[in-house]
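# Next come a sequence and a model predicted from it.
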Amino acid sequence: MKAAAHPASPDSGSGRAGLTAFISRAISHWSDRRMVHAISQLDDHLLADIGLSRSDLDWALHEPSAGRPSEELARLAAERRARRNRRAI
């Protein structure tokens, strides 16, 4: 008689799929943080040109939310552009 595979065992298909998804998310999160670190190498004037400040980068990298830092920065920059455009009208 053959023993049934445990649902969370690495030999089961769903276990492998879960592990693959976890590794994929971890790589994506690492890559996203690495991109934000690369942006942090820009000088303050270039950061201002894209609507960000150095403190924004620090905030995004240390934000405990589950969101991706680059998405948080893009949202923040878009909000600032919209606010600036409303003032210009």
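Looks like it came in fine. Residues are numbered from 1 along each chain as shown.

# Next secondary structure after the helix or strand containing Ala17?
According to DSSP states H and E, Ala17 maps onto helix 13-39. Sequence-wise, the next helix or strand downstream of helix 13-39 (DSSP H and E) is helix 44-49.

# ok, and what's touching that following helix?
39, 53-54, 56-57 (C-beta atoms under 8 Å, 6 or more residues apart in numbering). C-beta: built from backbone N, CA, C; applies to glycine.

# and with 10 Å instead?
Where contact means C-beta atoms under 10 Å, 6 or more residues apart in numbering, the residues beyond helix 44-49 that reach it are 39-40, 42-43, 52-57, 77.

# Now do the buried residues in that helix.
Leu47 (16 or more other C-beta atoms under 10 Å).

# starting at the chain centroid, how far to the very next helix or strand once past that helix?
Counting by DSSP H and E, the next helix or strand C-terminal to helix 44-49 is helix 54-62. Centre-to-centre, helix 54-62 and its host chain are 12 Å apart (C-alpha atoms, centre = their mean, to the nearest Å).

# Going by neighbour count, which residues of helix 54-62 are buried?
56-57, 60.

# who does it touch, helix- and strand-wise?
Counting contacts by 3 or more C-beta pairs under 10 Å, 6 or more residues apart in numbering; DSSP states H and E, helix 54-62 packs against helix 13-39, helix 44-49, helix 69-88.
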